[in-house]
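Peer 1: Requesting a structural model of the entry that follows:
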Amino acid sequence: MADRAHAACGGGVVHVTTGLTPRAGGPYVSVAGLVKALARDARWTPVVLAPARTPERLVDREHWGDARLFTLPPDERVGALGRHRRALLRSVLQANPSIVHLHGLWDAGTYAAAELVRERHLGFVVSPRGMLEPWALRHKWLKKKVFLVAYLDRLLTTADLLHATSESEADSLRALGFRQPIAVVPNGIECSQALPRTAGSDDGPHRLLYLGRLHVKKGLENLLRAWAMVRPSNWRLSIAGLDEDGYASRLQSLAAGLDLGGTVEFPGPMLGTDKWRFLASGTAFVHPSFSENFGIAVAEAMAAGLPVIATVGTPWQMLPVERCGWWVPPTPEGLAAALRELTADDETTLQAMGTRARAYAASAFDWTSIGQDMADCYCWLSGRGAAPECVRFV
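Peer 2: Residues are numbered from 1 along each chain as shown. The predicted model follows:
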């Protein structure tokens, strides 16, 4: 893709995210990808600030490219930064940022972002990263409502720009009453890292894959119940991902109770090259989540050439439109209906669906174009350029 022409602008941008390791979930992938894309664009120098949740030795610095990384010391006093945190913030400010971009909400980094903005009167962008979607707000709703009313509402209304990764997330933000501009910029993926698909090369079983956090939000119990309803012959279900709060044992117990025997496996986390090998081993992919603002694993599965089953709690309505998957209710019955169709299709049909999925991913989720869109947003906020096409106004 040819580089678009753009005026020189830029400066520093501080990205405040939820963590620097895979335990941070989706932002670990999406924020790092954006930071590296912005570095390639060269108009904005990225700095990453995150709470200190894990030992420094566990941080994969290569994953974050050339960005300067800072970890924010914990402070239990809500709204107070303390001496050490102020010292860190001063060192971050030495990068002379023009923009603070907050990724995620329910985290101590929120306070750091607010302090940076107040001290320097900087441009302020907030990416809720799905944390204000209806299902997410209902989960532990009382705690979140108190926090939202007491602090986040004021924080969000002072943002110069909200960033949504899909039109449906933008609609959710408008429904909550936020009236400032919203940039609709999807997450990107490194399509070039996808490996050739190996499934179907022998007489072994077909494999339906899930990849993501093992969390109640992801609808995996419904998936297991749907699998038990269909029980497709010569298929295996592989549920890979980081366990959260012992949820994997709950899923394993459910699989045993449903007498799924050797048709379901839990191979654990899949990161880096292992992730792409895992996707290459599949016949199809399933994402049964109750709610997503995007769902990076879906885009990666498409790049790997897999047909996808996703649910209407996710922004993947294009799957049936582009004839590369299903978009169904997040219920056992809805998932089972898609599973019956998937497992009844022949290999030629599934490969054709996968080819269309790969082509769509390559055109829609290229990090270079996405990084340029976000850089254009920063330039506009800095008064250097018109609002890019991705920005929606009321």
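Peer 1: nearest residue to residue 120 other than its sequence neighbours?
Peer 2: Of all residues not flanking residue 120 in the chain, residue 93 sits nearest, at 6.7 Å (C-beta to C-beta, 6 or more residues apart in numbering). C-beta here means a position set from N, CA and C on the backbone, and glycine is covered the same way.
Peer 1: contacting residues for residue 247?
Peer 2: 214, 215, 216 (C-beta atoms under 8 Å, 6 or more residues apart in numbering).
Peer 1: Tell me the buried residues within these.
Peer 2: 214, 215 (16 or more other C-beta atoms under 10 Å).
Peer 1: per-residue confidence for residue 363?
Peer 2: pLDDT, residue 363: 92.
Peer 1: Would you verify that it is located in a helix?
Peer 2: Yes - Residue 363 forms part of a helix when assessed by DSSP: H, G, I helix; E, B strand; the rest coil.
Peer 1: and the end-to-end length of stretch 269-289?
Peer 2: 18 Å (C-alpha to C-alpha, to the nearest Å).
Peer 1: Flag every buried residue along that stretch.
Peer 2: Applying 16+ other C-beta under 10 Å to stretch 269-289 flags 270, 275-276, 278-289 as buried.
Peer 1: tell me the mean pLDDT for stretch 247-257?
Peer 2: pLDDT averaged over stretch 247-257 gives 96.
Peer 1: Which positions in it come out as buried?
Peer 2: 247, 248, 251, 252, 254, 255.
Peer 1: Sitting in helices, which of those residues do you find?
Peer 2: 247, 248, 251, 252, 254, 255 (DSSP state H).
Peer 1: Three-state assignment for the residue nearest to the fourth one when sequence neighbours are not counted, please.
Peer 2: Of all residues beyond its chain neighbours, the one nearest residue 252 is residue 266 (6.2 Å), with distances taken as C-beta to C-beta, 6+ apart. Residue 266 falls in the strand class when you classify it by three-state DSSP.
Peer 1: Export the contacts of residue 247 to TSV and append columns for secondary structure.
Peer 2: Shown next, in TSV, are these (three-state DSSP):
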residue	secondary structure
214	strand
215	coil
216	helix
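Peer 1: closest to residue 25 among the contacts of residue 247?
Peer 2: The closest of those to residue 25 turns out to be residue 215 (C-beta to C-beta; 8.4 Å).
Peer 1: Residue 14 touches residue 44, doesn't it?
Peer 2: No - using C-beta atoms under 8 Å, residue 14 is not in contact with residue 44; the gap is 10.5 Å.
Peer 1: returning to what we had before: what about the residue nearest to residue 252, how many neighbours?
Peer 2: As a burial measure, residue 266 scores 17 neighbours (other C-beta atoms under 10 Å).
Peer 1: That one contacts residue 251, correct?
Peer 2: Yes - under the criterion of C-beta under 8 Å, residue 266 is in contact with residue 251, at a separation of 7.0 Å.
Peer 1: Now for those two: what residues contact both?
Peer 2: Going by C-beta under 8 Å, 6+ apart, residues that sit against residue 266 and also against residue 251 are residue 239.
Peer 1: re the thing from before, give me the pLDDT for the residue nearest to residue 252.
Peer 2: On the pLDDT scale, residue 266 is placed at 97.
Peer 1: Just list the residues touching it, thanks.
Peer 2: By C-beta under 8 Å, 6+ apart, the residues touching residue 266 are 238, 239, 240, 248, 251, 252.
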